[in-house]
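**Student:** give the three-dimensional model of this entry:
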Amino acid sequence: MRRVEIYPSILSADFSRLGSEISDAEAAGADGIHIDVMDGHFVPNLTLGPLVVRSVRPVSGLPYWAHLMISDPLRFAGDFREAGVDGLTIHPETGTDPVSAVERIRGLGAGVGLALRPETPIDALEPVIGILDRVLILTVHPGFGGQTILKDVIGKIRRLRDRLEPLPKRPLIEVDGGIDPETTGSVIRAGADVLIAGQAVFGSPNRSEAVRKLRKAIEGALSGPGPEAH
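**Tutor:** As a prediction, this is how the structure comes out:
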């Protein structure tokens, strides 16, 4: 049975006690922390910068991955790496050359991922598909938390999994948007390896119970038959 990881997104956390929120997620059994960075330009919202990441880095030993939903990701990649993130995920839709971007982020000593909006085809990954650590499939339109999953993206996850399987070193498939115990089964059977869950974890008063429910949904998807199973 393959391992599926849970990365709570701090976009849904209480920012007045962000350090405690991250500690709670770690105590609940999260595998890492997902940091949504938005510039109000590439997506219609504004979130946090490297100084916030630096302030909360000491509270947890979990890996921190930053999803840079910003127009000029390489301008700030070094700042986020110095602040303590372990991996950086950027968007090809920004027009940034993916090959040079991957090389630049690797040079910082960070893991590297590419994220795709719901409407962006997986062909956008081709120049770097064999040298990525992760591919993030957005199952909602980026910019805001708490959205409902777009069911049409499930087939995209399955197609990506089929494309990645022959690779000697397959990047992990992350999914972000509308992830909860009810939607977990479909994305896992389609091929997801990492669940980005915001409201499903931080929206619950009992974080341990929230993570437990996600784990139970993952186990059910991996052990039970289904048309999307691999």
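
**Student:** how far away is residue 215 from residue 86?
**Tutor:** To residue 86, residue 215 is 22 Å away according to C-beta to C-beta, to the nearest Å. (C-beta placed from N, C-alpha, C; glycine too.)

**Student:** check residue 43 too.
**Tutor:** For residue 43, the distance to residue 86 equals 23 Å [C-beta to C-beta].

**Student:** same check, this time on residue 94
**Tutor:** 22 Å.

**Student:** what does residue 202 give?
**Tutor:** Separation of residue 202 from residue 86 (C-beta to C-beta): 20 Å.

**Student:** one more: residue 195?
**Tutor:** As judged by C-beta to C-beta, residue 195 and residue 86 stand 18 Å apart.

**Student:** ditto for residue 34
**Tutor:** Using C-beta to C-beta, residue 34 is found at 11 Å from residue 86.

**Student:** compare these two (neighbour count), which wins?
**Tutor:** Neighbours were counted for residue 34 and for residue 86 using other C-beta atoms under 10 Å; residue 34 has more, 28 against 17.

**Student:** helix/strand/coil for that one?
**Tutor:** Following DSSP: H, G, I helix; E, B strand; the rest coil, residue 34 is assigned to strand.

**Student:** just checking, it touches residue 63?
**Tutor:** No - between residue 34 and residue 63 there is no contact under C-beta atoms under 8 Å: 9.8 Å.

**Student:** in the chain, which spans are helices?
**Tutor:** Here the chain has its helices, by DSSP state H, at 18-28, 50-56, 73-83, 98-107, 153-164, 184-190, 199-202, 207-223.

**Student:** what's the closest of those to residue 115?
**Tutor:** helix 73-83 (10.1 Å; C-beta to C-beta).

**Student:** packing partners of the closest one?
**Tutor:** helix 50-56, strand 64-69, strand 87-90, helix 98-107 (3 or more C-beta pairs under 8 Å, 6 or more residues apart in numbering; DSSP states H and E).

**Student:** give me the angle between it and strand 64-69.
**Tutor:** Angle, helix 73-83 to strand 64-69, by axes from the mean of the first three to the mean of the last three C-alpha atoms, to 10 degrees: 160 degrees.

**Student:** so which bits of helix 73-83 are buried?
**Tutor:** Within helix 73-83, the residues that qualify as buried are 73, 74, 76, 77, 78, 80, 81, 83, counting by 16 or more other C-beta atoms under 10 Å.

**Student:** fine by me, we can end here.
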